[in-house]
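*Asks:* Provided below for reference: sequence and predicted model.
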Amino acid sequence: MNVFSPMQTNKLYLAGGCFWCVEHDMRALPGVIEVISGYSGNSERKPSYESHQGYVESVEIEYDPAEISYKKIIQFFLDHIDPTDAGGQFYDRGESYQTAIFYTNEEEKHIAESCINELIESHLYDRPIVVRVLPNPAFYPAEAYHQRYAEKNPDHYNAYANGSGRKQLQAKVCQIREQKKLEWKD
């Protein structure tokens, strides 16, 4: 008798500026099953792209913990944003584009905080790390035209990601990690 055992998956929520960019980057990780762009916050009203004051652009990441750990996703995330910018990310300014790691339990909170502490102790950046670690608020998926935006609009997405300086920062972080032989702890 064959017993089908469905894959056990977990979800996590991150805010790293433009949700198109975070969604695109996270899709590159082996073990990530799905990434949904959306809005995180605790307001009374449902947000939209035109009206998401009080929310941050964020992503919901569904992943297979047998293939990739929560910690590895957080480490990857921290290397793909500017963790020193409290005013937003790259072109996108204001509270809607601030960075955050949202936790759903104390273990996730501890892992997120330890990754941030490891980043601080590495001295990769010469400015303070300002990524917030917060309890997971409500998450609302963004409108359909925002989902898989980079795939559906590659020219516009690439022009944005290059023009904003996001891709250049990611390359610089990679280069500095190589030069200083800085690797994340397991």
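*Replies:* Received the coordinates, thanks.
*Asks:* Name the single longest strand found in the chain.
*Replies:* Ordering each strand of the chain by length in residues (DSSP state E) puts strand 32-41 first.
*Asks:* tell me which residues in it are buried?
*Replies:* Residues 32, 35, 36, 37, 38, 39, 40, 41 are the ones in strand 32-41 that count as buried (16 or more other Cβ atoms under 10 Å). C-beta coordinates here come from the backbone N, C-alpha and C atoms, glycine included.
*Asks:* out of those residues, who's nearest residue 128?
*Replies:* Residue 128 lies nearest to residue 40 out of those, by Cβ to Cβ, at 22.9 Å.
*Asks:* Could you tell me which residues make contact with that closest one?
*Replies:* Neighbour list for residue 40: 13, 15, 55, 56, 58, 100, 102, 136, 137, 138, 139, 140 [criterion: Cβ atoms under 8 Å, 6 or more residues apart in numbering].
*Asks:* Please tabulate the residues you listed in CSV, including the columns pLDDT, distance to residue 185 and neighbour count.
*Replies:* Converted to CSV, these look like this (pLDDT from 0 to 100; distance: Cβ to Cβ, whole Å; neighbours: other Cβ atoms under 10 Å):
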residue, pLDDT, distance to residue 185, neighbour count
13, 98, 23, 22
15, 97, 24, 28
55, 90, 33, 24
56, 93, 28, 28
58, 97, 26, 29
100, 98, 22, 19
102, 98, 22, 22
136, 92, 24, 19
137, 91, 29, 17
138, 92, 32, 13
139, 94, 29, 17
140, 94, 34, 19
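*Asks:* where do the strands sit along this protein?
*Replies:* 10-16, 32-41, 56-63, 88-89, 92-93, 99-103, 132-135, 138-141.
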